[in-house]
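Undergrad: Build the 3D model from these lines:
(one chain, ligands or ions: 2)
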Amino acid sequence: MNSIERIIHLFEESIKAKQVSAQSLPPLIEAAGQLMVHALLSDHKILSCGNGGSAGDAQHFSSELLNRFERERPSLPAIALTTDTSTLTSIANDYSYNEVFSKQIRALGSEGDVLLAISTSGNSANVIQAIQAAHDRGMRVIALTGKDGGNMASLLQAEDVEIRVPMTSTARIQEVHLLTIHTLCDYIDREIFGPID
Ligand SMILES: O=C(CO)[C@@H](O)[C@H](O)[C@H](O)[C@H](O)COP(=O)(O)O
Ligand SMILES: [Zn+2]
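TA: Ligands and ions are numbered 1, 2, ... in the order given. Take a look at the predicted model:
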């Protein structure tokens, strides 16, 4: 396979990942959107976290709520827990990297808030501890996962929602996570501010 063929192959794999996900994820995305809309309409906020590419996804989501998605509308409350390097490095240095999100949630999370927890493996220890802290604070959790859902899947409670991408490649799972985040933003805007099409 030459490099052009390889690039085309990756495009095709990404398209396939989205086609397979379209078979099972829409009702779960709708349920997650309903949780988020209920929280936002009740004056609550959405916290988000993840590592690596998923940290980028967590920030991507919060910026679309805080600033805008595809239309003019008021700002919506969201906090990415991945951005404050002083807080992240001091928690990791003084305690453990596994606590970088959970310690923030214990300070910033309130009952009725929602945690968007993103991990392609479902096994990142700091995301797992974030879910435990969110439950302790009376928050609901929306988990974006992949593979077999990892340890995160078994931690979720009945009112939580897991959106598990049925793929094994981390990159393909991340590509579907980003589409899922955009569909959630679209759902939130349409439910709160009305359809525009
Ligand atoms: O973006 C990528 C790979 O595509 C990496 O940065 C990836 O996010 C990192 O290896 C993460 O630490 C993986 O964590 P997780 O998805 O298993 O929770
Ligand atoms: Zn990546």
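Undergrad: Ignoring the adjacent residues along the chain, who's closest to Thr183?
TA: Leaving aside its sequence neighbours, Thr183 sits nearest to Ile29 (Cβ to Cβ, 6 or more residues apart in numbering; 5.4 Å). Yep, even glycine has a C-beta here, placed from its N, CA and C like the rest.
Undergrad: And the one you found, how far from Met36?
TA: As judged by Cβ to Cβ, to the nearest Å, Ile29 and Met36 stand 10 Å apart.
Undergrad: Find the residues that touch each one of those two.
TA: Jointly contacting Ile29 and Met36 under the rule Cβ atoms under 8 Å, 6 or more residues apart in numbering are Leu184, Tyr187.
Undergrad: What parts of this protein come near ligand 1?
TA: 51-54, 119-121, 123-124, 127, 170-171, 174 (Cβ under 6 Å from any ligand atom).
Undergrad: Compare Ile29 and Met36 (neighbour count), which wins?
TA: Counted by other Cβ atoms under 10 Å, Ile29 and Met36 do not tie: Met36 has more neighbours, with 27 against 21.
Undergrad: ok so the more buried one is a strand residue?
TA: No: judged by DSSP: H, G, I helix; E, B strand; the rest coil, Met36 forms no part of a strand; its state is helix.
Undergrad: residues contacting it?
TA: Contacts were defined as Cβ under 8 Å, 6+ apart; by that measure Met36 touches Ile46, Val114, Ile142, Leu184, Tyr187, Ile188.
Undergrad: buried subset of the residues of the chain next to ligand 1?
TA: By the neighbour-count criterion of 16 or more other Cβ atoms under 10 Å, the residues of the chain next to ligand 1 include these buried positions: Asn51, Gly53, Ser54, Ser119, Thr120, Ser121, Asn123, Ser124, Val127, Thr170, Gln174.
Undergrad: Isn't the fifth one up against Lys147?
TA: So the one you mean is Thr120. Yes: with contact defined as Cβ atoms under 8 Å, Thr120 reaches Lys147; the gap is 6.8 Å.
Undergrad: List the buried residues of the lengthiest helix in the chain.
TA: Looking across the chain with DSSP state H, the single longest helix is helix 170-193. Across helix 170-193, burial judged by 16+ other Cβ under 10 Å covers 170, 172-177, 179-181, 183-189, 191.
Undergrad: and that helix, what other elements does it pack with?
TA: Other helices and strands packing on helix 170-193, by 3 or more Cβ pairs under 8 Å, 6 or more residues apart in numbering; DSSP states H and E, are helix 3-24, helix 26-41, helix 53-66, strand 140-146, strand 161-165.
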